[in-house]
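Q: everything below, folded, please.
(one chain, ligands or ions: 1)
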Amino acid sequence: MKTILLLLVLFISTYSQAQNPIDEKKMYVRSVYLVSKDKLPNPEFTGAINSTLKNIQNWYRLQLDGYTFNLHPEGVRVIKADVDSTYFSTTPNGNDKDAWGILNCEKISKRIFGGRFLDPNSIWVVYSDSTDWGGQGGSGFTCMPGGDLLGLIGKNHTNLNIERWIGGAAHEIGHAFGLTHPTNNVQTNKALMAFGWHSDYPENTFLSKEEKDQLAKSPFFYKDGVSILGKVLEKLYVPEGWFELRENGHWYEFKYNNSISFVFSKVSENSNAFR
Ligand SMILES: [Zn+2]
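A: Below is the predicted model of the structure:
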């Protein structure tokens, strides 16, 4: 009975900070603490992920003049994986060995709770207590390993500064939002998407003008609960992304890297456009 109860707790355990109801039309950043089969959940990690995401949400708000992403009201979900902590970095998944960690993390996430690349409604932030790889992000999904979790509670002995690990997550989340490394990437560059996350977060690192412009068009960014694009009235999915009708009357085409590729207006039903 004890075992069953424990398992139930592990599987259902959702740390709900549900102050706000879920708005089906809103786009959210969702977070998961993925506990490997050979590990026990550490509540300290859950708390650290929660405060890290709030910290990063606030950092983006300061950078973007009040705009930032929504954190899903369900808070950090704690979910048990059915693979061990060594699985992620050691199980072949494509030619690039450095990508095995994130690809395996996405594979497991997708199968167990639906977290994945290219999810039109969510950006996924997964912390896995897995070993021997570095966090990565892109196309709506980021996964960070056990070393980052230790970092968030000040116990990663390669770097005891917690802000280095929060900054690292802010950088990976930037990738999940479709940001890339700056082309003028040099070792001394303090930009978040260059190397600013390492020792300049939060005060001395920044988003570039181009990155701010890109995020200002992202459907994931809101100010005081309102999207810069207005409310979504209709949404149509296509293989490469989706189309949205916003309350300003325009249709927007989104590609899965979260950037807008086209904005257009509906021609009236009985228009002469095709004559
Ligand atoms: Zn990067």
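Q: and stretch 216-226, how far out from the chain middle?
A: 15 Å (Cα atoms, centre = their mean, to the nearest Å).
Q: now that stretch: mean pLDDT?
A: For stretch 216-226, mean pLDDT is 86.
Q: give me the buried positions along it.
A: Lys217, Ser218, Pro219, Phe220, Phe221, Tyr222 (16 or more other Cβ atoms under 10 Å). C-beta coordinates here come from the backbone N, C-alpha and C atoms, glycine included.
Q: which among these gets closest to Pro92?
A: Pro92 has its nearest neighbour among the buried residues of stretch 216-226 in Phe220, at 32.6 Å by Cβ to Cβ.
Q: gap between the residue nearest to Phe88 when sequence neighbours are not counted and Asp119?
A: Of all residues not flanking Phe88 in the chain, Ser130 sits nearest, at 3.9 Å (Cβ to Cβ, 6 or more residues apart in numbering). Distance of Ser130 to Asp119, computed by Cβ to Cβ, to the nearest Å: 21 Å.
Q: of those two, which one has the most company?
A: Each of Ser130 and Asp119 has its neighbours counted (other Cβ atoms under 10 Å); Ser130 has more, 28 against 17.
Q: secondary structure class for the more buried one?
A: Put simply, Ser130 is coil when judged by DSSP: H, G, I helix; E, B strand; the rest coil.
Q: test my guess that it contacts Pro145.
A: Yes. Contact criterion Cβ atoms under 8 Å: Ser130 and Pro145 qualify, at 4.9 Å.
Q: shared neighbours of these two, which are they?
A: Common neighbours of Ser130 and Pro145, counting by Cβ atoms under 8 Å, 6 or more residues apart in numbering, are Phe88, Ser89, Gly101.
Q: what is the nearest of those residues to Phe69?
A: Gly101 (23.9 Å).
Q: can you pull out the strands in the stretch 51-200 of the chain?
A: 68-80, 122-128, 136-138, 141-144 (DSSP state E, counting those that start in this stretch).
Q: deepest-packed of the ones you listed, please.
A: Burial of these is given as mean neighbour count (mean count of other Cβ atoms under 10 Å); strand 141-144 ranks first at a mean of 28.
Q: mind exporting it as PDB, just the C-alpha atoms?
A: Extracted in PDB, the C-alpha atoms of strand 141-144 (Å, rounded to 0.1, in the frame of the first residue of the first chain):
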ATOM      1  CA  PHE A 141      11.800  23.000 -26.100                       C
ATOM      2  CA  THR A 142      14.700  23.100 -23.700                       C
ATOM      3  CA  CYS A 143      16.100  20.500 -21.400                       C
ATOM      4  CA  MET A 144      18.700  20.900 -18.800                       C
END
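Q: could you pull up the mean pLDDT of that strand?
A: Strand 141-144 comes out at a mean pLDDT of 96.
Q: that one pairs with which strands, parallel or anti?
A: strand 122-128 (parallel), strand 136-138 (antiparallel) (DSSP bridges).
Q: just so I know, which of those strands lies nearest Gly66?
A: strand 122-128 (19.2 Å).
Q: what sits up against the closest one?
A: Strand 122-128 has contacts (Cβ under 8 Å, 6+ apart) with 27-34, 36, 45, 49, 53, 69, 72, 81, 85, 88, 105, 108-109, 115-116, 140-146, 148-149, 169, 172-173, 176-177, 220, 258.
Q: tilt between it and strand 68-80?
A: Strand 122-128 runs at 40 degrees relative to strand 68-80, counting by axes from the mean of the first three to the mean of the last three Cα atoms, to 10 degrees.
Q: Gly230 contacts Asn248, correct?
A: Yes. Look at Gly230 against Asn248 with Cβ under 8 Å: they come within range, at 4.7 Å.
Q: these two: which has the busier surroundings?
A: Of the pair Gly230 and Asn248, Gly230 is the one with more neighbours under other Cβ under 10 Å, namely 15 against 12.
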